[in-house]
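K.L.:
the sequence and its predicted three-dimensional model are supplied below.
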Amino acid sequence: MRYIRPLSMEDAVGQLAGSSGTAAILAGGSDLLVRMKGGFIEPDLILDIKAIDGLSEIRETAEGFSIGAAVSCALMGESAALKGEWPGVVEAAKLIGSKQVQGRCTITGNLCNASPAADSVPALVAAGAMALIAGPAGRRTVAVEAVPTGPGKTSLAKGEIIEAILLDRRAPRSGDAYLRFIPRTEMDIAVVSAGVNLTLDEQGVVKSARVALGAVAPTVLLVEEATEALIGRKLDEAALERLAKVCSGACRPIDDKRGTVEFRRKVAGVLARRAATTAYARAGGK
């Protein structure tokens, strides 16, 4: 096993592209190190990206926010600007692990771990977040939802590394929210989760909406029918009922010891409804 700590993204991409055998990226390590200790994986190469300039920073620009791949979830929670514009994204990030884990875990790692139950991913998908990817062919930007392709699998090609997560400036009269259901009060994996992002017009009518569900399919679901159920309406009881029904119907869950198919479908509708209510209030809806 080789451990390399590159000082530039170009060096990191080169090392990763030229490696043989299995390679793993080390940012926070809250997934990687646990899997190594459990004997599930033994990489031939571990590439520690924390020393690369900019990857441990949250950069605010005129266009929005760039969250470096090595930025911890704890650091996200300390950013007043980020919390002010994207409270739902920060709420989701702050639910990953314990206080100790928060100091290490990253939303980029959470995304690349490709768990259907990842907490940060539904909130990022609802927010329309993009992933900035560096690779042998240069840099490209893709929607966050295009990164996971199945449990534990991503669309990243050999030599590619996610450099940052990009969030646009929030539009006026907009709000987002994230909720999950877990069997315990904290430090558990989502049985179902929902992220909602709404933008309203001056009369409080929804003019754009994104609704994402987690832990109810092999990857996070962006529910297009939920968008159709909300746009052009105020968030009244009829709209909420329609949203819940659509989200329950969009689920493709499994039966396991943590929840049945029927239970997950029901809860998906309930959480979408509640998250939409919070997002609507944050957007200034009444």
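P.N.:
In hand now; what should we look at?
K.L.:
need the contact list for D255.
P.N.:
Applying CB atoms under 8 Å, 6 or more residues apart in numbering to D255 gives the contacts V261. Quick note: C-beta positions are derived from backbone N, CA and C, even for glycine.
K.L.:
could you do the one 4 residues further on as well?
P.N.:
G259 makes contact with 191-192, 253, 267 under the criterion CB under 8 Å, 6+ apart.
K.L.:
please apply the same query to S115.
P.N.:
151-152, 189.
K.L.:
again, but for A215
P.N.:
With CB under 8 Å, 6+ apart, A215 has these contacts: 116-117, 180, 189-193, 253, 264.
K.L.:
out of the contacts of S115, grab the one that's most surrounded.
P.N.:
I189 (16 neighbours; other CB atoms under 10 Å).
K.L.:
thought it was touching A117?
P.N.:
Yes - counting by CB atoms under 8 Å, I189 sits close enough to A117 to count as a contact (5.0 Å).
K.L.:
pull the number of nearby residues for the residue lying closest to S79 once chain neighbours are set aside.
P.N.:
Sequence neighbours aside, I58 is the residue nearest to S79 in space, at 5.3 Å (criterion: CB to CB, 6 or more residues apart in numbering). Neighbour count of I58, defined by other CB under 10 Å: 18.
K.L.:
for A131, phi and psi?
P.N.:
A131 has phi and psi values of phi -110, psi 120 when expressed as degrees, to the nearest 10.
K.L.:
how close does the closest residue to it other than its chain neighbours sit to T154?
P.N.:
Spatial nearest neighbour of A131, excluding adjacent residues (CB to CB, 6+ apart): I162 at 5.0 Å. According to CB to CB, to the nearest Å, I162 and T154 sit 9 Å apart.
K.L.:
pull up the overlap in contacts between those two.
P.N.:
With CB under 8 Å, 6+ apart as the test, I162 and T154 both reach 112, 147.
K.L.:
which one's more surrounded, the two?
P.N.:
Between I162 and T154, counting by other CB under 10 Å, I162 is the more crowded of the two (27 against 17).
K.L.:
how about the nearest residue to V216, chain neighbours excluded?
P.N.:
Spatially, and ignoring its direct neighbours in sequence, V216 is nearest to C251 (4.0 Å; CB to CB, 6+ apart).
K.L.:
neighbours of that neighbour, how many?
P.N.:
A count of nearby residues for C251, using other CB under 10 Å, gives 20.
K.L.:
cool, and G249?
P.N.:
13.
K.L.:
next, the contact list for it, please.
P.N.:
Contacts of G249 by CB under 8 Å, 6+ apart are 225, 265.
K.L.:
correct me if wrong, but it is in a helix.
P.N.:
Yes - assessed with DSSP: H, G, I helix; E, B strand; the rest coil, G249 lies in a helix.
K.L.:
so which of the contacts of G259 belong to helices?
P.N.:
V267 (DSSP state H).
K.L.:
JSON lines please, covering the contacts of G259 and showing pLDDT.
P.N.:
JSON lines is the format used below for the contacts of G259 (pLDDT from 0 to 100):
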{"residue": "V191", "pLDDT": "94"}
{"residue": "V192", "pLDDT": "97"}
{"residue": "P253", "pLDDT": "91"}
{"residue": "V267", "pLDDT": "97"}
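K.L.:
ok, the contacts of G259 vs E85, which is closest?
P.N.:
Distances from E85 to the contacts of G259, taken as CB to CB, are shortest for V192 (26.1 Å).
K.L.:
just to check, the closest one is in contact with R180?
P.N.:
Yes - between V192 and R180 there is a contact under CB under 8 Å: 6.9 Å.
K.L.:
looking at the two, which one has more neighbours?
P.N.:
More crowded of V192 and R180, by other CB under 10 Å: V192, with 29 against 24.
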